[in-house]
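Visitor: Just to be clear, the model below is a prediction. Sequence and coordinates:
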Amino acid sequence: AARQSSPLSSFPTSMAEDRDIEAMTVAQLKEELKKYSEPVSGTKSELVDRLAPLLEADKEHDAELTVDEKFWKIQVVANVTYVTFGKIGSNGQCQKKEHDSIEDAYKYADKQTADKLKKGYAAPAAPKKGRKRAAPAAPAPA
């Protein structure tokens, strides 16, 4: 079955982003490590150990913001940034930008996020959980 996605998550992601990296094959781990110009030799557990902190560092520079009826999201995958923006409820547009280094991609993502925050964008409100309200207490007998 096709997975429904919100516009805030409908742009290219790293292969490792959507799955448990422990479940990835050695070939998939090596493909991801190449994006970071990291060595691709070693056992599967060594590849996982090498990739995990890189993915976590990328996530520290990701942002998801909204204002009025618009959304804006940036994701860093190695030295590439993906920006998706548009009207809430639409798939929006995606722009990919390659940078000279991972550090340049992080700086770009952080600067773009700061600029959006200055323009009034903010993190989207968390969806309300569907908790049932407690039934009103019965009136005390008179």
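Guide: Perfect, I can see it now. Numbering: from 1, shown residues only.
Visitor: which residues in the protein form helices?
Guide: Under the criterion DSSP state H, the chain contains helices at 26-35, 44-59, 102-118.
Visitor: which strands and helices sit next to the second one?
Guide: In terms of contacts (3 or more C-beta pairs under 8 Å, 6 or more residues apart in numbering; DSSP states H and E), helix 44-59 is packed against helix 26-35, strand 70-77. Where C-beta positions appear, they are placed from N, C-alpha and C, glycine not excepted.
Visitor: Show the secondary-structure elements that the shortest one is packed against.
Guide: The reference is to strand 70-77. Contacts defined by 3+ C-beta pairs under 8 Å, 6+ apart place strand 70-77 against helix 44-59, strand 63-67, strand 80-87, helix 102-118.
Visitor: What's the mean pLDDT across that strand?
Guide: Strand 70-77 carries an average pLDDT of 94.
Visitor: quick revisit: same list, the helices and strands packed on helix 44-59, but as CSV with distance to L47 and mean neighbour count please.
Guide: Formatted as CSV, these follow (distance: least, C-beta to C-beta, whole Å; neighbours: other C-beta atoms under 10 Å):
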stretch, distance to L47, mean neighbour count
helix 26-35, 4, 16
strand 70-77, 17, 22
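Visitor: Save the ones you listed as a markdown table, and put in distance to K118 too.
Guide: Shown next, in a markdown table, are the helices and strands packed on helix 44-59 (distance: least, C-beta to C-beta, whole Å):
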| stretch | distance to K118 |
| --- | --- |
| helix 26-35 | 31 |
| strand 70-77 | 13 |
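Visitor: So the nearest residue to K70 once chain neighbours are set aside versus V67, what's the distance?
Guide: Sequence neighbours aside, K87 is the residue nearest to K70 in space, at 6.1 Å (criterion: C-beta to C-beta, 6 or more residues apart in numbering). As judged by C-beta to C-beta, to the nearest Å, K87 and V67 stand 11 Å apart.
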